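Colleague: Quick check, what structure comes out for this input:
(5 chains, ligands or ions: 4)
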Amino acid sequence: MATYIIRRLIWGVFMLAIVSVITFAIFFLVPRLAGATSESLATRYVGRTASAEQVKVAAEKLGFNDPLVVQYGRFAKGLVAGAEYDYGPGVEHCPAPCFGYSFLTRLPVWPDLLNRLPVTISLSLGAAVIWLIGGVATGVISALRRGSFFDRAAMTIALGGVSLPIFFTGIVSLVVFSYGRPFALAAPGGSFTPFFDNPVMWAYNLTLPWITLAFLYAAGYARLTRSGMLETMNEDYIRTARAKGLAERTVVFKHGLRGALTPILTIFGLDLGLLMGGAVLTESTFSLPGIGKYAIDAITNQDLPKVMGVTLVAAFFVVLANLVVDLLYAVVDPRVRLT
Amino acid sequence: MSESPEALLSVQGLEKHFPITKGLFRRQVGAVKAVDGLTFDVVKGETLGLVGESGCGKTTTGRLITRLLEPTGGKIVFEGRDISHMSQGDLRPLRRDMQMIFQDPYSSLNPRHTVGAIVGAPFRIQGVQTEHGTKKAVQDILELVGLNPEHYNRYPHEFSGGQRQRIGIARTLALKPKLIIADEPVSALDVSIQAQVVNLLEDLQNELDLTYVVIAHDLSVVRHISDRVAVMYLGKIVEIADRKNLYESPMHPYTTALLSAVPVPDVKRRNARERIRLQGDVPSPINPPPACRFHTRCWKAQEICKTVEPPLAELATGHQVACHFPENAPTDAVSGDTGTTVPA
Amino acid sequence: MTAPLDVSGTELEAAPEAVLEGSRAKAIQGRSLGQIAWMRLKRDKVALTGAGIVIFLILVAAFAPLIVGWLGHPPTDFNQDLISSETMAPKDGTAISWEHPFGVEPVNGRDIFSRIIYGARISLLIAFLATLLSVVLGTTLGIMAGYFGGWVDSVISKTMDVFLAFPLLVFAIALAGIVPDSAFGLSGDALRVSLLVFIIGFFNWPYIGRIMRGQTLSLREREFVDAARSLGARGPYIIFREMLPNLVAPILVYATLLIPTNIVFEAALSFLGVGVRPPTPTWGGMLSDAVRFYTIPHFMFFPGMAIFITVLAFNLLGDGLRDALDPRAR
Amino acid sequence: MSFLQLNDLRIHFPTDDGLVKSVDGLSFRLERGKTLGIVGESGSGKSVTSLGILGLHKGTRAKITGEIWLDGEELVSATPEHVRTLRGKKMAMIFQDPLSAMHPYYTVGAQIIEAYRIHHQVSKAVARKHAIDMLGRVGIPQPDRRVDSYPHEFSGGMRQRAMIAMALSCDPELLIADEPTTALDVTVQAQILDLMRDLQQEFNSALIIITHDLGVVAELADDILVMYGGKCIEYGTAEDIFERPEHPYTWGLLGSMPRLDRERTERLMPIKGTPPSLINVPNGCAFHPRCAFEGRTQGKADTEVPELLETEGGHLVRCHMSREERHAIWENEIKPNLESV
Amino acid sequence: ACGGGPTATPSQSGAAPAGGGAKAAFNAALTQVYNPSDKKGGIMKFANAGDWDSLDPADTYYGYSWNFIRLYGRALVMFKPAPGKESSELVPDLAETLGVPSDDAKTWTYKLRAGVKFEDGTPITSKDVKYGVMRSFDKEVFPDGYTYFNDTLDWPKDYKGPYKSKGVNVDSAISTPDDQTIVFHLKQPYSGFDYFAQLPATIPVPEAKDTGAKYREHVISSGPYKFDKNDIGKGFNLVRNDQWDPATDPNRKALPDGYDVRTNVNADDIDNRVLSGDLHVDIAGTGAQPATLGRVLTDPNLKANTDNPTITRLWYTSINGNVKPLDNLDCRKAVEYAADKVAYQTAYGGEFSGGQIATSLLPPGIPGHADINPYPSGPDNHGDVTKAKEHLTACGQPNGFETNISYRAERPKEKATAEALQQSLAKVGIKLTLKPFPQADYFALYAGKPGYAKDNKLGLAINGWGADWPDGYGFLQQIVDSRVIRETGGSSNISVRDPEVDKLLDQASLETDTAKREPIWAQIDQKVMDNAFILPGLWAKSLLLRGKGVTNVFVSDATGMYDYLNMGLE
Ligand SMILES: Nc1ncnc2c1ncn2[C@@H]1O[C@H](COP(=O)(O)OP(=O)(O)OP(=O)(O)O)[C@@H](O)[C@H]1O
Ligand SMILES: Nc1ncnc2c1ncn2[C@@H]1O[C@H](COP(=O)(O)OP(=O)(O)OP(=O)(O)O)[C@@H](O)[C@H]1O
Ligand SMILES: [Mg+2]
Ligand SMILES: [Mg+2]
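Modeller: Numbers count the residues shown, from 1 in each chain, chains lettered A, B, ... in the order given. Ligands and ions are numbered 1, 2, ... in the order given. Predicted coordinates:
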């Protein structure tokens, strides 16, 4: 178990390294292929009014003339050991993990990312709770009442839910429930109150994004749960449980759901991991200042250090989620042996 | 042991160890000793039965002989040629002479292929041209195994288990092999259907001059079709003899126990039979018991059984046993002290 | 070479007792699994509806110029006479009429109906091609990983892990954003479409790849593969003749289910402004325009519904196919 | 009235392809302390019958008619809730594949404890003691340790023992074992059969053992019921079936088996053809397409369904041929072949 | 100074009672103070749809930011916080009086007010002002800002700003004879230096507290409010600065108790929240979103709470003479004639939120504006096809030609404009292909980079320009001076390359006499139009939403938005 975790951790770090290499290569290589020069890259750091001379100096100082490998090495070193930057009155130390400074804000990227994280985490965790409860409950009822009106209605809605892109449901829900409607469900987007400042406002501001996001996922989970339940309820061990004389409730929840839930847990972990790395569409639809919105803004502004940071943070969550899911799986399913 | 001149297949000290890896660098920490030193010959025209309990390495043996697996050690000689480590390319022509019948009639036929394609596959794979075309040849074989040649275009799922097994047999017969390894050819079938297939196998042997290695765990079936029988326990042969000797005067305690455990459809003798009941299950091949592997379950076991591995010795003509205290043995043949000592 | 098995003339004892023609024989006509699946699919009304819509959409996309030509409003033509100069909204709210069955866009008065129709082209084209790319890549690599095992499997599996760890959407947007306007000998819509196909398709393949790998692994355990090997079959024969036919069903199902995902993906990219360049109409792009005019609901309603219905139809069809092709279903 | 009595039990499944008559008019009775063996080919309705007795067809589309009397209570018409309370306590079942029949996520002990506590208001600790006790009784070594193992950590034989321990944890009066040894090796099978015999004697329960291995029933059963195509085609004491079988199918079964206790026969005598599909059961006698003596039924074979008639002393046979004819065939044509050379 | 005569502003507001009042009416805050009050207290809530470029006085280049920065920073000079025309007048702020030029207008001297302190209580000296200007020199640290001081002051050779050229004496550029006096030394005489002196760069910065690029996180206040919490990317709070002494400050009322500013808020949300009273001001001041427009303009009650000022901003399209066949004047003229001005206007949001159709460069609010219309676009402004075709023939392309049009991908209005031009030019056979580019690099790498634009045939480029201050120099210099064009890219001037224009510009900046200077601006305008380097689109207008319960609301002509300095709450 311990060696397994260590191995997975090492592989996880390695994977992040690969992700960073690829991201780096793409974001620094493709623009060059597209005709950008060291100078044009440096332009971003010195403003559009800088003289050619200044640009040249900046490019040299930022190392844009070095081979890509050297540049990556510097970047990687910054990640691991921090880096020094010389912009202001003194030399600025950017502690590890240092993704460098944003072109635009001239601030280190990492604290910025940390700052955004609570938003994304609040959004995804809250939505996750709703969709997990809603989706699984619907799925279980549907499976038990297979073919009933409830089942058919729920599954039709679920299929519809899966087919509705979030940016559409998001806008519709904003128009219907927010934008100053009398029956507003939530404050209009863009305002995030940290939980510890004011839990009520926190929840109020997130209600609409939660529901919208949860609807999309709940639909999928309802379908998953339903088919999982239908499958497990056909397992031999369910028959055994019944043969023991267990009450149907116990059979369904203790034996059936337990079996059906394990694969759902896996998918749940991965979905959550992906969302934590930036619910891009949701955040930009509801203009929540989270990682996803940050990513979009960074991309819009071609702010490469930010993009690198976001990509790596998002990848980190996926890798982490994978690991957690695997460990969890071993806990939930005693047949899984981690060696 | 000398190689009998007319042996079609000769297996010497055959071993297969599946590695078990562990840890950060996938270090090998052990091995499943699925097959651990098998030696036997198969003479042309005979049927050798291979019996043993689940997990004792029967299937592995079959797959080694057909070289679906690469042996870890030992030698497989087929028609005088050592094929133990022959490359798959060099094996290709030889494969015509050696075929395998599989246990599961459901998974051994590709559900997306027609019967014609399945039975015709050997021709296609081996690039064999037939006089009247492949289709005719296939239909002839189908007829041979008792299937309607008009079913050429049907799919496996349209056939019953017994019929499917016939299709599988037809496929192995296509290239007129000399040796057929049959891995539990009937154990997936209903009793009444088993008999059909057993009879078919026997008929084909007579007709086509085939040599069989039949793997099975059902002792009665093995007795019915084999000329000689080898009993395996944990990757080793514990006893090998011709049918009559083995069933009538088994020498190894394990064989005895095995025979007495078979339920017999005879109500009158229900309580009259003397039964030997073994304790526990077959131990794991990862950590097989030292020396005589059977000593953990053997009622005759003594100290020597835990330290000295009994060799497979010929105690009567054509009757080899690996036991320190064999039963039904000619008294002078008992050898309790030969063999290798296992360091403790 | 003569027949390896000469049976002509031999009367075999085995034959008579075994042939079992009876009442059953007639019941079974030579039906392949595909035919059975088709029979099942035909009974599934919901899936058929999905299939019907899909076919309809494909026809609409294919004949978009004809349909629009007949209605007479090119998708990029302005109709500013229908626009209120104060509010930029269509006069009387939507300007829905026989002329403009879905009304017109605010500001420039472009006909929404014809834009939806043309949008179908881009959406479907990109979704189909991207799916094709993913399926080809995913299947090839998945089968290779599953079949060859060992280090090939390790490399491919780990590559898939890495791909799956990428924040796909972020990455796609970023990539679509930095690729210049003409590159690789392409420009304009052709470049954008190829780029989107590449991005969507290239980053989706690991999903199919994983499934294919799993399927191949389980197929490899099936004895018919051993049977082929014991007959001396080489790798390509086993992969193409033995395995691939068994993978067609899952490939078909997952491809059908991947298409709607890709449609949404394309729409999302267009929505975020990195899709096909305007004024070429796309559904996602229209939605993104419409967001700014949320007080003019018909503008967002039609592209939203177009995406919804298309995605739903493909999902219905995919579900139906899965049920029909999966022997475990029902 | 007998302890267990089935009267004209029918279990039909409506499916898309047609009505599957899995069990079609089955009647038998069984007393406490007795063992009934049910044999028959795959798909002949053995499992469906046993599940029907336990009332476990809920949730499927099964249509059940007829009567099942258990200790004076009729079960087909009883409420599902009532039948549930009987399960586990009054009647219990052992399944064929103990690995899939046990929940993979719970320990063996937990599953036994659960079974025990449904019917006994005791603390967890007491139930655990009982579970350990039961595991010991079925011969699992170190039961106090193994009680916390998961099913996959047991070997096949141990799993089946645990399964038996679970079934017996509430001293059921009726125990149904559906192919309890098919998945096991012979040596282990022998252990399990011994165990079942001993336990049955100890608890004096009624035992139904379902198998397609005639050897197994011969070891255990007092009475034997042979099923074919959802119907009982022969019923009698073990002696009746093995010494004086009267149905051609039973003959076929005996002829198909290579036997260790006799001289080796030159050829086996298989039944031709394949088992019928339960949707298209052949007209008339379901067995006639495979019957070697179909010609001797005066053309009734494919028109009339033969009735299950008593030949002598409780020995029932479902065949168109007359008793004398059957006797003659058995004595002259079948029996000599079985014992030849 | 806003000397332009009557603007095109609709004059419904004339009916409003002079001296202002709380009676809501359309344009009620355009020419007078709406809802005047001296009531103190309350927290004003502002929101910004985008990210603030920077809060650092050295690094900010947005009109709204210059408007807002006065709450926490005092420059030497400021525009008068008063409605209408008056707002274009400069008044001293930190300085006691406006700048005192030397005779040749090459040195400008300011005397600081006494008793002004930073938020920590340290007195503000001329050194602090000097340091503020010095640090703004370093464009590597502060890339966003303007370069007026860099370009005009007489800096030592190779000066790189106080961070890199530590201890270098810059007295040649700025000298501080005593703590209250600061003198600016120019390379060349410049008559309008007071306009420079109102730039945020002259806000004092205490050198000891300067943290370089990080200073934005906590700017040391010299005004009535100081930073409390600052969460860059999300928003910040201002609270009262107790070291601010109203006695030193005649311009500021400092009514609210504090300010709460959120950034990166959805633009539509901002509008809705302003309408519902949840927010007081949309800080960007660019007007209502299109969705809001429909709502507000159709509802008389809502409309009464809006103002519709004209801004000193021109939306236009650069016609790049470097790209064939636009190197031919007639081809450029064909574009001028063919363009559908109404569609242009619609693309930007119509007459209320888009603007007034422009016929030349100089907006009506800029002194020197003259009504000229060199290329009348047909009777109903939908483009003059006949004239366009004539010129096409003249340029040798009778069937039209193909070229590209670039725009900023993130700006839907520019996209709509590009589409509109594509439509209208197609009528005469000019085929345009749309080329969106990311806004951040639009000038530095794409449209504004001559080499790139030429290679990629960016014949037309959607553009826009707002005056840094309401003056011909402030408006024109950056967009018509060919010398600001650099091969490295980055200039707003994409297309105007005319030595005569350059000459006229030089002439104007030497001209200290306003009356003589203003006609030169008109001359430049005419010249550029004659050469058809710019297709003027609109003189921008915006529909501003007046927040509920906000007092002292009025539009400043200098910025074209509400003046944020003296707003209060009811
Ligand atoms: N590929 C493999 N990797 C590791 N272990 C294996 C592999 N194949 C077989 N084994 C192990 O080798 C041993 C022998 O297996 P084999 O299948 O040969 O037994 P068998 O006698 O055929 O049993 P059965 O009667 O159950 O078919 C078993 O313990 C099995 O778990
Ligand atoms: N839920 C069901 N729906 C439809 N048909 C069913 C159902 N359950 C069982 N059957 C059918 O009933 C028939 C009898 O099944 P059953 O399981 O009783 O056979 P069996 O005698 O136990 O066979 P085996 O020896 O293979 O266990 C089979 O043909 C089976 O397909
Ligand atoms: Mg095997
Ligand atoms: Mg069964």
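
Colleague: hey, let's count contacts and neighbours off CA atoms from now on
Modeller: Will do.

Colleague: Please list all residues in contact with the residue lying closest to residue E:106 once chain neighbours are set aside.
Modeller: The spatial neighbour of residue E:106 that comes closest, neighbours along the chain excluded (CA to CA, 6 or more residues apart in numbering or on different chains), is residue E:189 at 4.4 Å. Applying CA atoms under 8 Å, 6 or more residues apart in numbering or on different chains, we find residue E:189 in contact with E:104-107, E:509-510.

Colleague: Pull the most distant pair out of these.
Modeller: E:107 and E:509 (14.7 Å; CA to CA).

Colleague: Neighbour count: these two, which is higher?
Modeller: residue E:107 (22 against 19; other CA atoms under 10 Å in any protein chain shown).

Colleague: Might one say that the more buried one is in contact with residue E:183?
Modeller: Yes: between residue E:107 and residue E:183 a contact is recorded at 6.6 Å, counting by CA atoms under 8 Å.

Colleague: where do the helices sit along the stretch 101-250 of chain A?
Modeller: A:109-144, A:149-163, A:166-177, A:199-232, A:236-243, A:248-250 (DSSP state H, counting those that start in this stretch).

Colleague: what about residue B:114, how many residues close to it?
Modeller: 20.

Colleague: burial count for the residue lying closest to it once chain neighbours are set aside?
Modeller: Of all residues not flanking residue B:114 in the chain, residue B:155 sits nearest, at 4.5 Å (CA to CA, 6+ apart). Using other CA under 10 Å, residue B:155 has 24 neighbouring residues.

Colleague: do you know how far residue B:155 is from residue B:115?
Modeller: 6 Å (CA to CA, to the nearest Å).

Colleague: I'd like to know how far the residue in the stretch 51-200 of chain B positioned nearest to chain D sits from residue B:225.
Modeller: Closest contact between the stretch 51-200 of chain B and chain D, by CA to the nearest CA, is at residue B:195 (5.0 Å). Residue B:195 sits 11 Å away from residue B:225, taking CA to CA as the criterion.

Colleague: Neighbour count for the two, which is higher?
Modeller: Between residue B:195 and residue B:225, counted using other CA under 10 Å, the more crowded position is residue B:195 (27 against 24).

Colleague: what helix or strand is the more buried one on?
Modeller: helix B:191-208 (DSSP states H and E).

Colleague: now the helices for the stretch 51-200 of chain D?
Modeller: Under DSSP H, counting those that start in this stretch, the stretch 51-200 of chain D gives helices at D:80-86, D:98-101, D:108-119, D:124-137, D:143-146, D:156-168, D:186-203.

Colleague: Now do the last one: everything it contacts.
Modeller: It stands for helix D:186-203. So helix D:186-203 is contacted by B:53, B:257-258, B:261-263, B:277-281, D:33, D:138, D:157, D:160-161, D:171, D:173, D:181-182, D:206-207, D:220 (CA under 8 Å, 6+ apart).

Colleague: Going along the chain, name the strands of the stretch 51-200 of chain E.
Modeller: Taking DSSP state E, counting those that start in this stretch as the criterion, the stretch 51-200 of chain E carries its strands at E:77-79, E:90-92, E:100-101, E:107-111, E:174-175, E:181-185.

Colleague: so can I have TSV of those showing mean pLDDT and distance to residue D:53?
Modeller: Shown next, in TSV, are those (pLDDT from 0 to 100; distance: least, CA to CA, whole Å):
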stretch	mean pLDDT	distance to residue D:53
strand E:77-79	92	97
strand E:90-92	91	101
strand E:100-101	89	111
strand E:107-111	93	106
strand E:174-175	92	105
strand E:181-185	94	106
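
Colleague: can you tell me how far residue C:221 sits from residue B:104?
Modeller: Distance from residue C:221 to residue B:104, by CA to CA: 12 Å.

Colleague: And these two? Which one has more around it.
Modeller: Higher neighbour count among residue C:221 and residue B:104: residue B:104, with 22 against 12, using other CA under 10 Å.

Colleague: for the more buried one, what are its contacts?
Modeller: Residue B:104 neighbours (CA under 8 Å, 6+ apart): B:185, B:188, C:223.

Colleague: For the residue in the stretch 151-300 of chain B that chain E sits nearest to, give me the pLDDT.
Modeller: Here the residue of the stretch 151-300 of chain B nearest chain E is residue B:155; by CA to the nearest CA that distance is 58.0 Å. pLDDT recorded at residue B:155 is 85.

Colleague: Low-confidence ranges, the stretch 151-300 of chain C, go.
Modeller: Applying pLDDT under 70 to the stretch 151-300 of chain C flags the ranges C:177-178, C:180-187.

Colleague: Do a quick rundown of the strands in chain B.
Modeller: For chain B, applying DSSP state E gives strands covering B:7-22, B:27-43, B:47-52, B:73-78, B:81-82, B:98-101, B:179-183, B:211-215, B:228-233, B:236-242, B:308-309, B:313-316, B:319-321, B:340-341.

Colleague: Mean pLDDT, distance to residue C:116 and mean neighbour count for the ones you listed - can I get that in a markdown table?
Modeller: As requested, the strands of chain B are exported to a markdown table (pLDDT from 0 to 100; distance: least, CA to CA, whole Å; neighbours: other CA atoms under 10 Å in any protein chain shown):
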| stretch | mean pLDDT | distance to residue C:116 | mean neighbour count |
| --- | --- | --- | --- |
| strand B:7-22 | 87 | 58 | 19 |
| strand B:27-43 | 86 | 60 | 18 |
| strand B:47-52 | 93 | 70 | 27 |
| strand B:73-78 | 92 | 70 | 20 |
| strand B:81-82 | 90 | 71 | 14 |
| strand B:98-101 | 91 | 60 | 27 |
| strand B:179-183 | 93 | 62 | 25 |
| strand B:211-215 | 93 | 67 | 25 |
| strand B:228-233 | 94 | 73 | 25 |
| strand B:236-242 | 93 | 74 | 25 |
| strand B:308-309 | 89 | 83 | 20 |
| strand B:313-316 | 87 | 86 | 18 |
| strand B:319-321 | 92 | 84 | 24 |
| strand B:340-341 | 44 | 85 | 14 |
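
Colleague: As JSON lines, the ones you listed with distance to chain A would be great.
Modeller: Output for the strands of chain B, formatted as JSON lines (distance: least, CA to the nearest CA, whole Å):
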{"stretch": "strand B:7-22", "distance to chain A": "6"}
{"stretch": "strand B:27-43", "distance to chain A": "12"}
{"stretch": "strand B:47-52", "distance to chain A": "28"}
{"stretch": "strand B:73-78", "distance to chain A": "28"}
{"stretch": "strand B:81-82", "distance to chain A": "38"}
{"stretch": "strand B:98-101", "distance to chain A": "31"}
{"stretch": "strand B:179-183", "distance to chain A": "28"}
{"stretch": "strand B:211-215", "distance to chain A": "30"}
{"stretch": "strand B:228-233", "distance to chain A": "28"}
{"stretch": "strand B:236-242", "distance to chain A": "30"}
{"stretch": "strand B:308-309", "distance to chain A": "33"}
{"stretch": "strand B:313-316", "distance to chain A": "42"}
{"stretch": "strand B:319-321", "distance to chain A": "40"}
{"stretch": "strand B:340-341", "distance to chain A": "35"}
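
Colleague: Okay, now the unreliable bits of the stretch 1-150 of chain A?
Modeller: A:1, A:31, A:33-36, A:44, A:46-51, A:86-90, A:103-106.

Colleague: would you list every one of the strands in it?
Modeller: Using DSSP E, counting those that start in this stretch, strands in the stretch 1-150 of chain A cover A:83-85, A:92-94.

Colleague: Would you mark the buried spots in the first one?
Modeller: Of the residues in strand A:83-85, residue A:83 count as buried by neighbour count, 16 or more other CA atoms under 10 Å in any protein chain shown.

Colleague: same thing with the last one?
Modeller: Using 16+ other CA under 10 Å as the burial criterion, the residues of strand A:92-94 that qualify are A:92, A:94.

Colleague: what packs against it?
Modeller: Strand A:92-94 sits against strand A:83-85, with contacts defined as 3 or more CA pairs under 8 Å, 6 or more residues apart in numbering or on different chains; DSSP states H and E.

Colleague: So what touches the strand it packs on?
Modeller: By CA under 8 Å, 6+ apart, strand A:83-85 touches A:77, A:91-96, A:98, A:100.

Colleague: can you check stretch E:471-484 too?
Modeller: E:1-2, E:312, E:362, E:366-368, E:465-469, E:491-494, E:496-499, E:501-502, E:505, E:509, E:518, E:521, E:528.
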